[in-house]
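Colleague: Mind looking at a prediction? Sequence and model below.
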Amino acid sequence: MKGVEIRIRQQKGMVTLELEGELDFSNVEQLQQEIQRHPEEVVEIDLQGLLFIDSSGAGMLLSQARYLYRQGRTLRIVNIPDFIREDLEMIGFFKVLEILESNPNA
């Protein structure tokens, strides 16, 4: 695996973390720490440059969505490549996000 590179763009009330490479068990902690160290109300994860995500990457994104929702904050996932979107849909990723949005304490 080649790893993940995270580029950070900040604006008032929002931070965007642009991912490039592969998000897997070997580097999910790196992204989790980056998400948690930003106090902005909206944390946006831009997956446009992502080549691969495994179940630990998807699970970490869901746990961080829950973490932020409980604080009254938002995790947004944008620019998802079609091949990654298909994998995430298959495991029910977006259904879990919908549940979190309608019930942040879930």
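Modeller: Good, I have the coordinates.
Colleague: Could you double-check that residue 55 sits in contact with residue 91?
Modeller: Yes - Residue 55 is within contact range of residue 91, at 7.1 Å (criterion: CB atoms under 8 Å). (Each C-beta comes from the backbone N, C-alpha and C, glycine too.)
Colleague: Tell me which residues touch residue 21, please.
Modeller: 2, 3, 4, 5, 49, 50, 51, 52 (CB atoms under 8 Å, 6 or more residues apart in numbering).
Colleague: I misspoke; the intended subject was residue 65.
Modeller: Shown in contact with residue 65 (CB under 8 Å, 6+ apart): 75, 97, 100.
Colleague: May I have the secondary structure class of the last one?
Modeller: Think residue 100. Of the three states, residue 100 takes helix under DSSP: H, G, I helix; E, B strand; the rest coil.
Colleague: ditto for the second one
Modeller: Three-state call for residue 97 (three-state DSSP): helix.
Colleague: Let's see the pLDDT reported for it.
Modeller: If you check residue 97, the pLDDT there is 86.
Colleague: Identify all contacting residues around the lowest-mean-pLDDT helix or strand in the chain.
Modeller: Scoring the helices and strands of the chain by mean pLDDT, DSSP states H and E places helix 93-102 at the bottom, with a mean of 85. Outside of helix 93-102, the residues within contact range by CB under 8 Å, 6+ apart are 58, 61, 62, 65, 66, 69, 77, 88, 106.
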